[in-house]
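Peer 1: whatever this is, show me its structure:
(one chain, ligands or ions: 2)
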Amino acid sequence: MAKIVIIDDEPAMVEVISTLIRDSGHDAFPFQSSKKAIEELTTISPHLVIADIKMDNLDGFDVLRECQEKFPQTPVIMITGYASVETAVDAMKNGAYDYITKPFKVDELLLTVKRALDYQATVKENTYLKKELKQKYRFENIVGTSPKMQAIYNLIAKVANTDSTILIQGESGTGKELVARALHFNSNRQHRPFVAINCSALPENLLESELFGHKKGAFTGAVADKLGLFEEAQEGTIFLDEINSMNQQLQTKLLRVLQERQIRRVGDTKSITINVRVVAATNEPLQDKIKEGSFREDLYYRLAVIPIEMPPLRDRLEDIALLANHFLQKNAASTGRDPLKIEPLALEAFSHYPWPGNVRELENAFERACALCEDGVIRLHDLPPQIIEQSASARPATAEGGMTVGQKLDDFIKIQERAYIEETLKYNSGSREKAASMLGVSMATLYRKLDQRPKSKES
Ligand SMILES: Nc1ncnc2c1ncn2[C@@H]1O[C@H](COP(=O)(O)OP(=O)(O)OP(=O)(O)O)[C@@H](O)[C@H]1O
Ligand SMILES: [Mg+2]
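Peer 2: Numbers count the residues shown, from 1 in each chain. Ligands and ions are numbered 1, 2, ... in the order given. Okay, the predicted model is just below:
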């Protein structure tokens, strides 16, 4: 059943068309005033609009313009009284879907309506398909074969296709959003919208109207009705990111929404039933917030029907090599060049670092290294200073230190020498000239040892 808005200043005409529309099984919203109709558009969120071209005040062209702005996917059929094809063609040039001339035959009207609705359904589906292609976050985008990640995949596969509310907990950068998308795109809601909102990104009052929408005039600045994200996500999934930052008042409202499966737009008295799967994420343990009294325990239990705990990267260091490869491929795809390589020493440095920013930090380190890298191979000195530092302190610095045995002497010397050079460089704030002088070698030797071509300008 489609929602169809009919606008004509001739009462008899609105009446006839509305009756025909209702008889064919759709919902008719008749208006004699185009101004009133335009005001109500957002509330109705129509699948199709039928408007007379010639009306007093705002005419059919105004309606068309308004529709295209607010509902670009909603087709508009124009009615023209004079069989004046010229105006009708003008309307089509301006984006009207079709036109009918008065007087019209019933079949003609119904056929045009049917075609417009089919068209609307296809456009809508195509938009989702396109979006879906762009955001196709299935399992293959989540990299890692460690037992901890395998447990996550198993859990996603098991619960994706249920309607249970899910709470994803984990430190920043552990892949919570990737998992939320994987849940959606592996569910039977996958052709419906996935709507994400970061609850910490908006001031509290704005967040409420963003989530639930508002009525025109509900507060200063509410100049028109606004559709909330819960309604936009109808039949799909809403991802409430950083739910930990939601204030108590809104927590109470959200709890009610989860219990009643109904929302109310800010300033409205009527409730709207929603069918939306809720996935929430937090980068702070909610249990701590409950203890300190800033998060409602009852809401926590509503959200965490199925909890998913994302492991920090330092607990699955065995995934780093795969992730490294993934980011090198990603970089190659975006630059159109062959994938860069990474020297073993640099790769090893990754596993000596605690990764407080998790996979996001690793990804950023790669982006930086790919940009700095000069000869197709990422080397230790291309990595961010804090990683080099950690890896240097993790490696035995003197012969008395606890040494890793099993290396070839040559490799051992190279690694020690390299670490020492990196340290000296760091001490001299990256100045190769000063480092060479301190090490008592020529610039040429330093460059050879660093295995890179001299830069034209000293840093
Ligand atoms: N397992 C993984 N495989 C591949 N890429 C990953 C993985 N985990 C995270 N990433 C990448 O790291 C970045 C951060 O991931 P995501 O945004 O999902 O993390 P988050 O947990 O939501 O972080 P935050 O709490 O900071 O919002 C993204 O670019 C994502 O593609
Ligand atoms: Mg996130």
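
Peer 1: alongside ligand 1, which residues does this protein contribute?
Peer 2: Selection of the chain residues close to ligand 1 by CB under 6 Å from any ligand atom yields 142-144, 170, 172-178, 283, 326, 359-360, 363. To be clear about C-beta, it is placed using only N, CA and C from the backbone, and glycine gets the same treatment.

Peer 1: so what's the residue count around the residue of the stretch 151-300 of the chain found nearest ligand 1?
Peer 2: Minimum separation of the stretch 151-300 of the chain from ligand 1 (CB to the nearest ligand atom) falls at G175, amounting to 2.8 Å. Burial measure for G175: 23 neighbouring residues, criterion other CB atoms under 10 Å.

Peer 1: same thing with D319?
Peer 2: Per other CB under 10 Å, the neighbour tally for D319 reads 20.

Peer 1: which non-adjacent residue is nearest it?
Peer 2: The spatially closest residue to D319, leaving aside those adjacent along the chain, is G144, at 3.9 Å (CB to CB, 6 or more residues apart in numbering).

Peer 1: cool, S200 as well?
Peer 2: S245 (3.7 Å).

Peer 1: on that earlier part again, hang on, the residue nearest to D319 in a helix?
Peer 2: No - when the secondary structure is assigned by DSSP: H, G, I helix; E, B strand; the rest coil, G144 falls in coil instead of a helix.

Peer 1: all strands for the stretch 1-150 of the chain, in order.
Peer 2: Using DSSP state E, counting those that start in this stretch, the strands assigned to the stretch 1-150 of the chain run over residues 3-7, 27-31, 48-52, 76-80, 98-101.

Peer 1: out of those strands, which comes closest to K253?
Peer 2: K253 lies closest to strand 3-7 among these, at 26.7 Å (CB to CB).

Peer 1: circling back: thought the residue of the stretch 151-300 of the chain closest to ligand 1 was touching V359?
Peer 2: Yes - A contact is recorded between G175 and V359 when judged using CB atoms under 8 Å, the distance being 5.7 Å.

Peer 1: give the contact list for S294.
Peer 2: Each residue near S294 by CB atoms under 8 Å, 6 or more residues apart in numbering is listed here: Q248.

Peer 1: what about the helices in the stretch 151-300 of the chain?
Peer 2: Remark: helices of the stretch 151-300 of the chain, listed N- to C-terminal, are 176-185, 204-212, 229-232, 248-260, 286-291, 297-303; assignment by DSSP state H, counting those that start in this stretch.

Peer 1: quick one: the ones you listed as CSV, columns for mean neighbour count too.
Peer 2: Conversion of the helices of the stretch 151-300 of the chain to CSV gives the following (neighbours: other CB atoms under 10 Å):
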stretch, mean neighbour count
helix 176-185, 23
helix 204-212, 19
helix 229-232, 19
helix 248-260, 16
helix 286-291, 15
helix 297-303, 18
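
Peer 1: reformat these as a markdown table; add mean pLDDT and distance to N428.
Peer 2: As requested, the helices of the stretch 151-300 of the chain are exported to a markdown table (pLDDT from 0 to 100; distance: least, CB to CB, whole Å):
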| stretch | mean pLDDT | distance to N428 |
| --- | --- | --- |
| helix 176-185 | 94 | 41 |
| helix 204-212 | 91 | 49 |
| helix 229-232 | 96 | 53 |
| helix 248-260 | 96 | 53 |
| helix 286-291 | 95 | 44 |
| helix 297-303 | 96 | 52 |
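
Peer 1: so for Y420, which of the ones you listed sits nearest?
Peer 2: Within these, the stretch nearest Y420 is helix 176-185; the backing value is 39.6 Å (CB to CB).

Peer 1: pull the CA atoms of that closest one into CSV?
Peer 2: In CSV, the C-alpha atoms belonging to helix 176-185 read as follows (Å, rounded to 0.1, in the frame of the first residue of the first chain):
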residue,chain,number,x,y,z
LYS,A,176,33.2,-2.1,16.3
GLU,A,177,31.6,-0.4,13.3
LEU,A,178,32.9,-3.0,10.9
VAL,A,179,31.1,-5.6,13.0
ALA,A,180,27.9,-3.6,13.1
ARG,A,181,27.9,-3.4,9.3
ALA,A,182,28.7,-7.1,9.0
LEU,A,183,25.7,-7.9,11.2
HIS,A,184,23.4,-5.8,9.0
PHE,A,185,24.7,-7.0,5.7
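
Peer 1: distance from it to the middle of the chain?
Peer 2: Here the centre of helix 176-185 is set off from its chain's centre by 10 Å, with CA atoms, centre = their mean, to the nearest Å.

Peer 1: please apply the same query to stretch 176-192.
Peer 2: 11 Å.

Peer 1: span of that stretch from start to end?
Peer 2: Stretch 176-192 has an end-to-end distance of 20 Å (CA to CA, to the nearest Å).

Peer 1: please apply the same query to stretch 220-229.
Peer 2: Counting by CA to CA, the terminal residues of stretch 220-229 are separated by 20 Å.

Peer 1: which other residues reach that stretch?
Peer 2: Contacts to stretch 220-229, defined as CB under 8 Å, 6+ apart, come from residues 39-43, 45, 195, 197, 209-216, 238, 263, 265-267.

Peer 1: may I see the buried residues of it?
Peer 2: Neighbour counts using 16 or more other CB atoms under 10 Å place 222, 225-229 of stretch 220-229 among the buried residues.

Peer 1: restricted to buried residues, select the contacts of stretch 220-229 in PyMOL.
Peer 2: Filtering these down to the buried ones (16+ other CB under 10 Å) takes a single PyMOL command:
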select buried, resi 40+41+42+43+45+195+197+209+210+211+212+213+214+215+216+238+263+265+266
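
Peer 1: ignoring the adjacent residues along the chain, who's closest to the residue nearest the centre of the chain?
Peer 2: Within the chain, one residue has its C-alpha closest to the average C-alpha position: by CA atoms, centre = their mean, that is A196, at 5.6 Å. Nearest residue to A196 in three dimensions, chain neighbours excluded: F239, at 4.1 Å (CB to CB, 6+ apart).
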